[in-house]
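Novice: got a structure for you, letters missing:
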Ligand SMILES: Cc1ncc(C[n+]2csc(CCOP(=O)(O)OP(=O)(O)O)c2C)c(N)n1
Ligand code: SF4
């Protein structure tokens, strides 16, 4: 991170491009919150980058007055990894969708997370392919009637948070596009994390999958547990709680029940997976930071290996390296 010489405002992070999302798209609220949060964090535009794949969500870099790259479908984590390796001092944000990040790009996402590359990945989950006019995606509920599944989809959906945890992400969070305040808090915490960040953003696509998160967002106090470190898992105005038992079964109980679990963002992976498995309509949905652990980042370890090799052998020459050992002439 580097600090700008003058204090920047949200407006300074807005590009001169016309924002081309449909009216009412949840992406607008995310964009505004990211721009505002970067200004609040006091970051410099010159050291901030946004890398995306393909999709409506992936148009994000055009709208940020920072550096950015709208890359190829599903490959944003791979390109962002290269950037973070070469320029570890940059802040590298990745924007992807449930189609881009979990269909064609699932493999790339998984490996960036397991390597703990210092990327801040935001996955806009609208449970549909928006840009290509509404085909079902890996997060669509079973039975989703879409352009490609007129009789209803048959695939069981992926839980993005469970996948990120299993892959080894070291910071895992969820927020809804309707909650700018919580999103800003999570983004600020994510900003200071050194390894791989994965944030699922529940995003409404009013054109092809309208209201998909309504049950969670229209009754936030009743259907969301806002995770706060060291505080109990409460919802419904503090009247109900969630107890996660020794047998890894979750249950909704009265808030006064001593079995109500206490949130620990630095808790075990098993506990975080239990949180990720709490899905509507059976349970309230956890939002905020589910899991956080500190581990050396990939770029720090790789660049330290390079420094050690240079210290031991001196700076080499690429041509000499390619010509050393066994070489063949192919004719
Ligand atoms: C190699 C390749 N395959 C397929 C496509 C078509 N395509 C473009 S965007 C997209 C999915 C976008 O869905 P998502 O990531 O959920 O983003 P959204 O548009 O919903 O934000 C697909 C399949 C493509 N552009 N390139
Ligand atoms: S198709 Fe959906 S996701 Fe894409 S811009 Fe329109 S509302 Fe947003």
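Specialist: That came through, no problem. Since we're looking at a predicted model, the values are computed, not measured. Ligands and ions are numbered 1, 2, ... in the order given.
Novice: from here on, just use CA atoms for contacts and neighbour counts.
Specialist: Fine.
Novice: other SSEs contacting the lowest-mean-pLDDT helix or strand in the chain?
Specialist: Sorting the helices and strands of the chain by mean pLDDT, DSSP states H and E puts helix 318-323 at the bottom, at a mean of 88. Helix 318-323 makes packing contacts with no helix or strand when contacts are defined by 3 or more CA pairs under 8 Å, 6 or more residues apart in numbering; DSSP states H and E.
Novice: now do that helix: distance to the chain's middle.
Specialist: 39 Å (CA atoms, centre = their mean, to the nearest Å).
Novice: looking at the stretch 151-300 of the chain, what residue ends up closest to ligand 1?
Specialist: Using CA to the nearest ligand atom, the single residue of the stretch 151-300 of the chain nearest to ligand 1 is residue 205, 7.4 Å away.
Novice: which SS state does that residue fall under?
Specialist: Three-state call for residue 205 (DSSP: H, G, I helix; E, B strand; the rest coil): coil.
Novice: so who does it touch?
Specialist: With contacts defined as CA atoms under 8 Å, 6 or more residues apart in numbering, residue 205 is in contact with 25-26, 126, 130, 211.
Novice: from those, which ones fall inside helices?
Specialist: Among the contacts of residue 205, no member falls in helices (criterion: DSSP state H).
Novice: of these, which are in range of ligand 1?
Specialist: For ligand 1, the contacts drawn from the contacts of residue 205 by CA under 6 Å from any ligand atom are residue 130.
Novice: selecting buried members of the contacts of residue 205 in PyMOL, what would you type?
Specialist: Here the buried members of those are turned into a PyMOL selection, burial being counted by 16 or more other CA atoms under 10 Å:
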select buried, resi 25+26+126+130+211
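Novice: of all the contacts of residue 205, which comes closest to residue 113?
Specialist: Taking CA to CA as the measure, residue 113 lies nearest residue 126 of the contacts of residue 205, at 21.3 Å.
Novice: what ranges do the strands span in this structure?
Specialist: 48-52, 67-70, 91-97, 119-125, 128-129, 135-136, 171-176, 197-202, 224-226, 234-235, 240-244, 250-254, 285-292 (DSSP state E).
Novice: let's have the ones you listed in TSV, adding mean neighbour count.
Specialist: Conversion of the strands of the chain to TSV gives the following (neighbours: other CA atoms under 10 Å):
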stretch	mean neighbour count
strand 48-52	25
strand 67-70	18
strand 91-97	26
strand 119-125	27
strand 128-129	26
strand 135-136	24
strand 171-176	26
strand 197-202	25
strand 224-226	24
strand 234-235	26
strand 240-244	23
strand 250-254	17
strand 285-292	24
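Novice: CSV for these, including mean pLDDT?
Specialist: Output for these, formatted as CSV (pLDDT from 0 to 100):
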stretch, mean pLDDT
strand 48-52, 98
strand 67-70, 98
strand 91-97, 98
strand 119-125, 99
strand 128-129, 98
strand 135-136, 98
strand 171-176, 98
strand 197-202, 98
strand 224-226, 98
strand 234-235, 97
strand 240-244, 96
strand 250-254, 97
strand 285-292, 98
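Novice: TSV please, covering the ones you listed and showing distance to residue 260.
Specialist: Conversion of these to TSV gives the following (distance: least, CA to CA, whole Å):
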stretch	distance to residue 260
strand 48-52	40
strand 67-70	44
strand 91-97	34
strand 119-125	29
strand 128-129	35
strand 135-136	37
strand 171-176	21
strand 197-202	25
strand 224-226	12
strand 234-235	8
strand 240-244	4
strand 250-254	7
strand 285-292	14
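Novice: got these as a markdown table, with distance to ligand 1 columns?
Specialist: Below are the strands of the chain laid out as a markdown table (distance: least, CA to the nearest ligand atom, whole Å):
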| stretch | distance to ligand 1 |
| --- | --- |
| strand 48-52 | 10 |
| strand 67-70 | 12 |
| strand 91-97 | 3 |
| strand 119-125 | 7 |
| strand 128-129 | 3 |
| strand 135-136 | 8 |
| strand 171-176 | 15 |
| strand 197-202 | 11 |
| strand 224-226 | 23 |
| strand 234-235 | 30 |
| strand 240-244 | 31 |
| strand 250-254 | 30 |
| strand 285-292 | 20 |
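Novice: mind picking the two most distant members of the contacts of residue 205?
Specialist: 130 and 211 (14.0 Å).
Novice: re the thing from before, name the residues of the least confident helix or strand of the chain that are buried.
Specialist: By neighbour count, and taking 16+ other CA under 10 Å as the criterion, helix 318-323 has no buried residues at all.
Novice: distance check, residue 274 against ligand 2.
Specialist: According to CA to the nearest ligand atom, to the nearest Å, residue 274 stands 29 Å off from ligand 2.
Novice: isn't that residue right up against residue 248?
Specialist: Yes: proximity of residue 274 to residue 248 meets the contact threshold set by CA atoms under 8 Å, at 7.1 Å.
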